[in-house]
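**Q** Here is my input; please provide its structure:
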Amino acid sequence: MNAPTQQVVQLVNGMLNWIVGSNEISVVHVKNLLQALIKLCEITVDQKTVDEDWLTEITGTGGGLGGLKVHTQAEIVEKVLKIEKIRSGLDRSKFSILQ
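**A** Have a look, this model is predicted:
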């Protein structure tokens, strides 16, 4: 897998900054980031995959109750960009209109 472009990393970081604001990153923030990326990339994915697979992979806790294990924003972004559907969605031509 190719490394994400700087623009892709900046986009995801910017979205996470906007979602989180000055708060600590929570599972809800990560879930909101995933939902925004799904809409931006026009990804077709069922909610169970997002809640059970992707959130668990990224946060270690899934979409249920419980706090997010301590992660830096860079770690969250790196894990989000390891999800192939998101990576390929951001790499498609739809993203080029943002550059």
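**Q** Tell me the spacing between the residue nearest to residue 91 when sequence neighbours are not counted and residue 92.
**A** Spatial nearest neighbour of residue 91, chain neighbours left out: residue 8 (7.4 Å); criterion: CB to CB, 6 or more residues apart in numbering. Placement of C-beta: from N, CA and C, glycine included. From residue 8 across to residue 92, the span is 11 Å (CB to CB, to the nearest Å).
**Q** quick one: which of these two has more around it?
**A** residue 8 (19 against 12; other CB atoms under 10 Å).
**Q** what's the following helix or strand after the strand or helix carrying that one?
**A** Assessed by DSSP states H and E, residue 8 sits inside helix 6-20. Following helix 6-20 in sequence order, the next helix or strand is helix 27-41 (DSSP H and E).
**Q** Remind me what that next one packs against, helices and strands.
**A** Other helices and strands packing on helix 27-41, by 3 or more CB pairs under 8 Å, 6 or more residues apart in numbering; DSSP states H and E, are helix 6-20, helix 55-59, helix 73-80, helix 84-91, helix 93-96.
**Q** Could you look over the ones you listed and pick the most buried one?
**A** Highest mean neighbour count of the helices and strands packed on helix 27-41: helix 55-59, a mean of 18 (counted as mean count of other CB atoms under 10 Å).
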